[in-house]
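[1] Task: produce atomic coordinates for the following.
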Amino acid sequence: MTVVGEVVVFVKQSSYRRLVLERKDSRIRTLLSSKSPATRHLKATHEDHEATTREVLDALERLGTRCSVRSSRDAAPIHAADLVVTVGGDGTLLLASHHVGPDVPIVGINSAPKTSVGFFCAGVKGTAARTLATALAGGLSRLRLARMQVERNGDVISSRVLNEALFCHASPAATSRYLLQVHSGGREREEDQRSSGLWIGPAAGSTAAQKSAGGDVLPLSSRDLQYVVREPYTPLGEVFRLKKGRVCAGGDITLYNKMHEAKLFLDGHQRAFDVRYGDELVMRVSDESLTILGMEPRSGGRKRRA
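    Numbers count the residues shown, from 1 in each chain. The predicted model follows:
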């Protein structure tokens, strides 16, 4: 068995725990009591998640590892770890990945597969012990996924974007206005655009929002970035040229904000940044890839469920 010194277990906080057990939200409790369709799976998903967390911790103890447990709300960087295990779904792995450098492998366990997408996860509830034993023995495939670096006015705000960035107006009902510049292969193109915003991301996120907005599915080994415009507004008689496209490593995608209230979201809604009028955003391939266990290259491999 491969010797592993320290395992960090990154555990999602379920909605039921957060809203019912901790906040004691009276409205949610009333909806649960009345068996509202909105809360139909809330408790069952929580129970699945709690059972999977126990399964993971028991398995790691039997395997003789030293492990520490972190909540998904813990924003501290993960440095001294030989393996990171996430318990939750893709969102939990995405949160954890922002704290993990390129040399620390990560493996995901989908704790509630009936209700959660687990595209990045190697194991699921009920198979966690086997998955972790195989991971610690070095038997799971290792895949290095490209991540994206994002700069605002020359300052790097993240070099670990795995899925995508969403740039748009602060209000989803308002038009997004910006200048888009694409630099790739020694060629520069630009266009003033109005739309619902843009998705920009590396290959790992190309089966999610990028695909839903009309983008292409990229091989997981690709180091290209893809941009996809959401609901472009094209005035009568004009042509939108840069609706979607790819940028090879060495190139970048640059945006100049023309809105008074704009937002930039990185890998979901929790990493949100205000963007001021005239701010410059630059996206390029990051030097910090992510080593993920148990995923296969996309060609003929697993695909993300809709």
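
[2] dump the residue contacts of the closest residue in space to residue 271 that isn't next to it in sequence.
    The shortest distance from residue 271 to any non-neighbouring residue, by C-beta to C-beta, 6 or more residues apart in numbering, is to residue 265 (6.6 Å). C-beta: built from backbone N, CA, C; applies to glycine. Counting by C-beta atoms under 8 Å, 6 or more residues apart in numbering, residue 265 touches 165-167, 271-273.

[3] Out of those residues, the closest to residue 212 would be?
    If you rank these by distance to residue 212 using C-beta to C-beta, residue 166 comes first, at 11.9 Å.

[4] Grab the nearest non-local neighbour of that closest one.
    Beyond its immediate neighbours in the sequence, the residue positioned closest to residue 166 (C-beta to C-beta, 6+ apart) is residue 265, lying 4.4 Å away.

[5] what about that neighbour, distance to residue 274?
    Computed with C-beta to C-beta, to the nearest Å, the distance linking residue 265 and residue 274 is 11 Å.

[6] try residue 151
    Separation of residue 151 from residue 274 (C-beta to C-beta) stands at 15 Å.

[7] In contact with residue 105, which residues are there?
    Shown in contact with residue 105 (C-beta under 8 Å, 6+ apart): 83-84, 135, 142, 291-293.

[8] Drop the exposed ones from the residues you listed and show what's left.
    83-84, 135, 291-293 (16 or more other C-beta atoms under 10 Å).

[9] In contact with residue 176: list those residues for me.
    Contacts of residue 176 by C-beta under 8 Å, 6+ apart are 167-169, 193-198, 259, 262.

[10] For beta bridges, what are the partners of it?
    residue 195 (DSSP bridges).

[11] mind listing what the residue lying closest to residue 170 once chain neighbours are set aside touches?
    In this structure, residue 170 finds its nearest non-sequential neighbour in residue 261, 3.9 Å apart by C-beta to C-beta, 6+ apart. Residues counted as contacts of residue 261 (C-beta under 8 Å, 6+ apart) are 169-171, 174.

[12] who wins for neighbours among those?
    Among these, the one with the most neighbours (other C-beta atoms under 10 Å) is residue 169, at 21 neighbours.

[13] Assign residue 56 to one of the three secondary structure states.
    What DSSP: H, G, I helix; E, B strand; the rest coil gives for residue 56 is helix.

[14] Residue 265 now?
    Applying three-state DSSP: residue 265 is strand.

[15] what pLDDT does it get?
    Looking at residue 265, its pLDDT is 98.

[16] bridging residues for it?
    Applying DSSP bridges, one finds that residue 265 bridges with residue 166, residue 272.

[17] any idea how far it lies from residue 140?
    Using C-beta to C-beta, one gets 31 Å for the distance from residue 265 to residue 140.

[18] Among the contacts of residue 105, which are located in helices?
    When helices are assigned by DSSP state H, the members of the contacts of residue 105 inside them are residue 135.

[19] Save the contacts of residue 105 as a markdown table, and put in pLDDT and distance to residue 72 too.
    Formatted as a markdown table, the contacts of residue 105 follow (pLDDT from 0 to 100; distance: C-beta to C-beta, whole Å):
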| residue | pLDDT | distance to residue 72 |
| --- | --- | --- |
| 83 | 94 | 17 |
| 84 | 96 | 12 |
| 135 | 94 | 20 |
| 142 | 94 | 24 |
| 291 | 95 | 20 |
| 292 | 95 | 18 |
| 293 | 96 | 19 |
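
[20] Export the contacts of residue 105 as TSV, with columns for distance to residue 22.
    TSV is the format used below for the contacts of residue 105 (distance: C-beta to C-beta, whole Å):
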residue	distance to residue 22
83	29
84	25
135	31
142	37
291	33
292	31
293	32
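
[21] how about residue 121, what does it touch?
    86, 89-90, 93, 108-110, 294.

[22] can we see that at 7 Å?
    93, 108-110 (C-beta atoms under 7 Å, 6 or more residues apart in numbering).

[23] is it in a bridge, and if so with what?
    With DSSP bridges as the rule, residue 121 is bridged to residue 108.

[24] Please apply the same query to residue 230.
    Beta-bridge partners, per DSSP bridges, of residue 230: residue 197.

[25] now, which of the contacts of residue 121 sits nearest residue 72?
    Lowest distance from residue 72 to the contacts of residue 121 (C-beta to C-beta) belongs to residue 93, with 10.1 Å.

[26] ok, the closest one touching residue 84?
    No: checked against C-beta atoms under 7 Å, the pair residue 93 and residue 84 is beyond contact range at 9.1 Å.

[27] Could you say which helix or strand holds the residue of the chain most remote from its centre?
    Seen from the C-alpha centroid of the chain, the residue lying at the greatest distance (C-alpha atoms, centre = their mean) is residue 237, 38.0 Å away. Under the criterion of DSSP states H and E, residue 237 resides outside all helices and strands.
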